[in-house]
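Enquirer: give me coordinates for this.
(one chain, ligands or ions: 1)
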Amino acid sequence: MTDAIDRRRFIKTGVTTALGAAVTSQLPACSGTVTLPSGTGAERVYHGGNIVTMDDGHRHVEAVAIAGGKILAAGSLDEVMQTRTGATEVIDLRGKTLMPSFIDSHGHFMNAPQIVRWANVSGPPVGPVTRIADFVPILQAHVKQQGLKRGDWIIGYGYDRSNLAEGRELLASELDPAFPDNPVMLIHSSNHGAVLNSAAFAKVGYSEQTKTPPGGVINRVPGTQKPAGFIMETAFLPIFANMPQPSETELLDTLDAAQQIYARAGVTTCSEGATHAKDLKFLRKGADEGRLYLDIVSLPLILEVPALIREYAPDFKGGPMDLPDEAPKAFGSYRNRLKLQGVKAPTDGSPQGKTAFWTQPLLTPGPGGETNWRGQPLFPPEVVNKALKAVFDKGIQVFTHANGDAAIDMIIDAARLAGVRADQDRRTVIIHSQCMRPDQLPKYAELGFSPSFFTMHTFFWGEEHTANLGPERAAFISPMKSAIAQGLVCSNHTDFSVCPMDPMRVMWSAVTRRSRAGTVIGPDERIDRWESLKALTINAAWQIREEDRKGTLTPGKLADLVILDSDPLTVETDKILDIQVVETLKEGKSVYRRTAA
Ligand SMILES: [Zn+2]
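Expert: Next up is the predicted model:
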């Protein structure tokens, strides 16, 4: 194997740069801060395990040294040990796997401070609920754990009738005996509905007299007008929007638990992929109070950008689609672990909710029973064209949400109109890119688009996609293999909290594309394990312009590391789902350590 030769070259570069020798031309881009005072050596050396670099040139090394929050050296044990001093801590991994920690390329960090205050009433694999009798004990344990008092709201997330052995909705009357004085709301996994108990109905003013609003659902107790428990859409959304919100202090206090959702999954760069102005204010406060120990990449929603960047342009008078000249200054660098990276421009909804925008109709009726339904865009093309041109013209990175092929066509058209080309290195990220057509892949290449795929859909909604789209279109959901063959840099995300924060499940879904029912959705689009891990590390780093500081175990990069109990590259395929994070390190500091040995 040529690996040995590569490895030697690798270590040589690493140690010389790290020790401040004169090979500056070989330094990675961020190397200015790497050079150590002479005589400084490794703070810690890891060896004795399976060390995966995520670098295509040399996938494995024997040892890694870190110092000052960065990777100091990576290579053979002998060579890495040259960085050792009397103070160096030498850690034997005892066969465990060490690799770069994961980057969630798209998710919603702001859901985390909420979720840590809610009970998980999801079904497997996300949560523990399989039957009606499971709810009350789970909610009772939650009340205890959160210290909730009489009259406090008890909120659960991930409720879904399809997880229940009984196959029917939970009823208010099944919650009432245990929670007569606490309003209970169990939010449906779609976030478009919920089950309420009687105390909750009383609190929101729903009774026999309440009429079902147009576009809404209120299930009734048979033979009466009494709300039975489950409500949806326009009967639910206004209630949810008007729920009493936790105070800022209460939310700030959840930031540690919120970050632990990521840290215990081995993720050290979180995505806040659709940031409202009020959320950014909150995150900035958390950051400035020093409460962030993971990196958060925020993408302000396009319509809220003028409000967000007012501090850079206080006198700006433009409208919601205009951007001041100072706008780019707000983007691209961290302040206390919080960075605005680009602008988020949503263009359609979700495929499973049938609110994406397709060129061809679905095989099943639309969400309101429509025939020949192909969804609709959130904004007309002329609005998208104008808004995106304003962002492109300012040189700000664009992140669009596009699920259906017609929404993707709109982005392609808007980029062409704005004169976008691949050689401009804009790294326009098309989040989801789920229902692409094969002819759109070369267009991505021409425009320098980079897809952030969502292969967990093949597991969670594989059957729905097959029914709605037919097997051929469903097989091309998140087409990672074809996109890689086209030369595109692909990441793969959780869309947390739409799906759980579980990089190993993301990886498994890209490798197997197996549905809940065990069907392989698009066998030709399965990718190998190495590529599936690149989508969670170096490729995700590239999309947020951090490939020079994250994503591989390269000297000079940050010591953002994860230790896993087994090797995702070699373990039996289905065992990928069982891999446990042993420890997560952010810039060399432990941010999560599994307690059980
Ligand atoms: Zn999302």
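Enquirer: let me see the contact set for the closest residue to Asp502 other than its chain neighbours.
Expert: Take Asp502 and drop its neighbours on the chain: the residue closest to it by CB to CB, 6 or more residues apart in numbering is Ala265, 5.9 Å away. For every residue, glycine as well, the C-beta is placed using N, CA and C. Taking CB atoms under 8 Å, 6 or more residues apart in numbering as the criterion, Ala265 is in contact with Phe102, Met501, Asp502, Pro503, Val581.
Enquirer: mind checking pLDDT for Ala265?
Expert: If you check Ala265, the pLDDT there is 98.
Enquirer: is it true that it lies in a helix?
Expert: No: counting by DSSP: H, G, I helix; E, B strand; the rest coil, Ala265 is not part of a helix but coil.
Enquirer: for Leu536, see how far away it is.
Expert: Counting by CB to CB, to the nearest Å, the separation of Ala265 from Leu536 is 11 Å.
Enquirer: what residues are shared contacts of those two?
Expert: With CB under 8 Å, 6+ apart, Ala265 and Leu536 have common neighbours Phe102, Pro503.
Enquirer: strands of the stretch 301-450 of the chain, start to end?
Expert: For the stretch 301-450 of the chain, the strands defined by DSSP state E, counting those that start in this stretch occupy 334-335, 338-340, 342-346, 397-402, 428-432, 449-453.
Enquirer: could I get the longest one in PDB with only the CA atoms?
Expert: Extracted as PDB, the C-alpha positions of strand 397-402 are listed here (Å, rounded to 0.1, in the frame of the first residue of the first chain):
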ATOM      1  CA  GLN A 397     -23.200  32.900   0.900                       C
ATOM      2  CA  VAL A 398     -26.700  31.600   0.000                       C
ATOM      3  CA  PHE A 399     -28.200  28.600   1.700                       C
ATOM      4  CA  THR A 400     -31.600  27.800   0.200                       C
ATOM      5  CA  HIS A 401     -34.100  25.300   1.400                       C
ATOM      6  CA  ALA A 402     -35.400  23.300  -1.700                       C
END
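Enquirer: so which other helices or strands are in contact with that strand?
Expert: strand 342-346, helix 381-393, helix 405-417, strand 428-432 (3 or more CB pairs under 8 Å, 6 or more residues apart in numbering; DSSP states H and E).
Enquirer: same question for the fifth one.
Expert: Where contact means 3+ CB pairs under 8 Å, 6+ apart, strand 428-432 is packed against strand 397-402, helix 405-417, strand 449-453.
Enquirer: the spatially closest residue to Arg335 that is not a sequence neighbour is in what secondary structure piece?
Expert: Nearest residue to Arg335 in three dimensions, chain neighbours excluded: Ala287, at 6.4 Å (CB to CB, 6+ apart). For Ala287, the enclosing helix or strand under DSSP states H and E is helix 277-288.
Enquirer: so how far is Leu72 from Tyr159?
Expert: From Tyr159 to Leu72 the distance is 49 Å (CB to CB).
Enquirer: domain map for the protein?
Expert: Recorded structural domains for the chain (assignment: automatic domain parsing) are 118-241, 347-527.
Enquirer: most neighbours per residue, which of the helices and strands packed on strand 397-402?
Expert: Of all the helices and strands packed on strand 397-402, strand 428-432 carries the top mean neighbour count, a mean of 27, counting by mean count of other CB atoms under 10 Å.
Enquirer: that one pairs with which strands, parallel or anti?
Expert: Under the criterion DSSP bridges, strand 428-432 sits next to strand 397-402 (parallel), strand 449-453 (parallel) in its sheet.
Enquirer: can you list those strands in JSON lines and add mean neighbour count, distance to Val391 and mean pLDDT?
Expert: Formatted as JSON lines, the strands paired with strand 428-432 follow (neighbours: other CB atoms under 10 Å; distance: least, CB to CB, whole Å; pLDDT from 0 to 100):
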{"stretch": "strand 397-402", "mean neighbour count": "26", "distance to Val391": "5", "mean pLDDT": "96"}
{"stretch": "strand 449-453", "mean neighbour count": "28", "distance to Val391": "14", "mean pLDDT": "98"}
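Enquirer: what's the first helix or strand after the helix or strand of the chain with the lowest mean pLDDT?
Expert: When each helix and strand of the chain is scored by mean pLDDT, DSSP states H and E, helix 3-18 comes last, with a mean of 38. Next in sequence after helix 3-18, counting helices and strands by DSSP H and E, comes strand 44-52.
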